[in-house]
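>>> sequence? don't have it. structure:
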């Protein structure tokens, strides 16, 4: 599973889900086109709203195959109760 953190770099550096990749939301559209995506992707943002939009973008993009599962972290980081890593 790939976790994509779409928060700004400063928020990511302050703490993020272990092994999450930071792709800030303003850069997300171009990043979708530049990489190959795994089969399970979770998109994370502060409260779960932007990640829904980003997930829909991923699902509709030609670089993301039909076998790919895309989800949004429900409630975003405000609801995350697991450990966080610092950059």
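Nice, I can see it. Since we're looking at a predicted model, the values are computed, not measured.
>>> Phi, psi for the nearest residue to residue 73 once chain neighbours are set aside please.
Among residues not flanking residue 73 along the chain, residue 44 sits closest, at 4.1 Å (CB to CB, 6 or more residues apart in numbering). Quick note: C-beta positions are derived from backbone N, CA and C, even for glycine. Main-chain dihedrals, residue 44, degrees, to the nearest 10: phi -120, psi 140.
>>> If you count neighbours, what's buried in the helix or strand of the chain with the lowest mean pLDDT?
Lowest on mean pLDDT, DSSP states H and E among the helices and strands of the chain sits helix 25-34, with a mean of 89. Buried residues in helix 25-34, counted by 16 or more other CB atoms under 10 Å: 25, 28, 31, 32.
>>> any idea how far residue 3 is from residue 59?
Residue 3 is 16 Å from residue 59, where distance means CB to CB, to the nearest Å.
>>> Between those two, which has more neighbouring residues?
Just comparing residue 3 and residue 59: by other CB atoms under 10 Å the higher neighbour count belongs to residue 3, 17 against 13.
>>> Can you tell me how far the more buried one is from residue 45?
Applying CB to CB to residue 3 and residue 45 gives a distance of 11 Å.
>>> again with residue 26
In terms of CB to CB, residue 26 sits 12 Å off from residue 45.
>>> Please apply the same query to residue 10.
14 Å.
>>> give the contact list for residue 33.
Contacts for residue 33 (CB atoms under 8 Å, 6 or more residues apart in numbering) come out as 61, 63.
>>> Show me the strands in this protein, by range?
2-5, 21-22, 40-44, 69-72 (DSSP state E).
>>> Please produce a markdown table containing these, extended by mean pLDDT and distance to residue 78.
Converted to a markdown table, those look like this (pLDDT from 0 to 100; distance: least, CB to CB, whole Å):
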| stretch | mean pLDDT | distance to residue 78 |
| --- | --- | --- |
| strand 2-5 | 94 | 14 |
| strand 21-22 | 95 | 18 |
| strand 40-44 | 94 | 11 |
| strand 69-72 | 94 | 13 |
